[in-house]
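Here is a sequence together with a model predicted from it:
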Amino acid sequence: EALIRAYEGRIYHIALKALGNAEDAGDATQETLLKIYRFLPDFKGQSRFSTWVYRIAVNTCYDFLRQNARRKRAQDADLAEDMPLLSRLASDRAKQPEQMLEQKLRKKALDQAIARLSPEHRMMIILRDIQGLSYARIAAITSLSEGTVKSRLSRARRALRRQLIQEGTFFDTGPSKK
């Protein structure tokens with residue numbers, strides 16, 4: 001019970017973002033929790049427990065994506081509302097109705113674009129930009145080097161940006177001056 005209370009919400013959020021619909025996310029969450037319970041005696045403590053849990057969750061999501069690859073998915077799946085990446089777009093709640101509508105449409109377009117990314121790119125965006133995990137934690141979860149995580153995240157962000165610009169949702173403002 002303690003494990004479920006501690007991790008169920010985080011696992012579900014990852015699964016929802018990775019799989020794009022609540023039903024599959026619920027199934028993946030249950031499958032992940034069963035795997036954690038079943039393989040708990042095998043946990044050797046070579047990484048943080050949460051890293052081990054996230055690795056199981058990510059791998060379970062990849063399994064679901066492979067199993068459901070032939071099934072046609074709706075591109076406008078509703079995704080969870082609270083995303084740190086999107087909160088930067090939505091900081092002022094006292095905006096005019098037109099601005100609020102535009103903001104809602106942009107968020108929907110961003111959610112749809114994330115859902116259309118390849119599973120590897122989507123997972124990088126979810127783990128870093130949505131969940132806020134460090135490069136080291138993502139590397140441990142995905143069994144990749146930090147350099148590989150950084151390069152995949154960079155490619156994922158470029159692919160996301162390219163999609164949004166092509167759709168006319170966001171405009172290319174050129175490289176930042178930082």
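That came through fine.

Just want the most central residue of this structure.
residue 126 (2.3 Å; Cα atoms, centre = their mean).

what number of residues lie near the residue nearest to that one when sequence neighbours are not counted?
Distances taken as Cβ to Cβ, 6 or more residues apart in numbering place residue 17 nearest to residue 126, at 4.4 Å, with adjacent residues excluded. C-beta here means a position set from N, CA and C on the backbone, and glycine is covered the same way. As a burial measure, residue 17 scores 23 neighbours (other Cβ atoms under 10 Å).

correct me, but residue 17 touches residue 124?
No: if you go by Cβ atoms under 8 Å, residue 17 and residue 124 don't touch, sitting 11.3 Å apart.

sorry, back to before: in terms of pLDDT, where does the residue nearest to residue 126 sit?
As predicted, residue 17 sits at a pLDDT of 88.

Mind telling me what element it is part of?
Here residue 17, judged by DSSP states H and E, is contained in helix 2-19.

Just the buried residues of that helix, please?
Counting neighbours by 16 or more other Cβ atoms under 10 Å, one finds that the buried residues in helix 2-19 are 7, 11-19.

got the CA positions of the next helix or strand after that helix in CSV?
Per DSSP H and E, the first helix or strand lying C-terminal to helix 2-19 is helix 22-39. Provided in CSV are the C-alpha atoms of helix 22-39 (Å, rounded to 0.1, in the frame of the first residue of the first chain):
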residue,chain,number,x,y,z
ALA,A,22,-6.4,7.6,-19.8
GLU,A,23,-7.4,4.0,-20.4
ASP,A,24,-4.0,2.8,-21.5
ALA,A,25,-2.3,4.9,-18.8
GLY,A,26,-4.4,3.2,-16.2
ASP,A,27,-3.6,-0.2,-17.6
ALA,A,28,0.1,0.6,-17.8
THR,A,29,0.1,2.0,-14.2
GLN,A,30,-1.5,-1.3,-13.0
GLU,A,31,1.0,-3.4,-15.0
THR,A,32,3.9,-1.3,-13.6
LEU,A,33,2.7,-1.7,-10.0
LEU,A,34,2.3,-5.4,-10.5
LYS,A,35,5.9,-5.7,-11.9
ILE,A,36,7.3,-3.6,-9.0
TYR,A,37,5.5,-5.9,-6.5
ARG,A,38,6.6,-9.1,-8.3
PHE,A,39,10.2,-8.0,-8.8
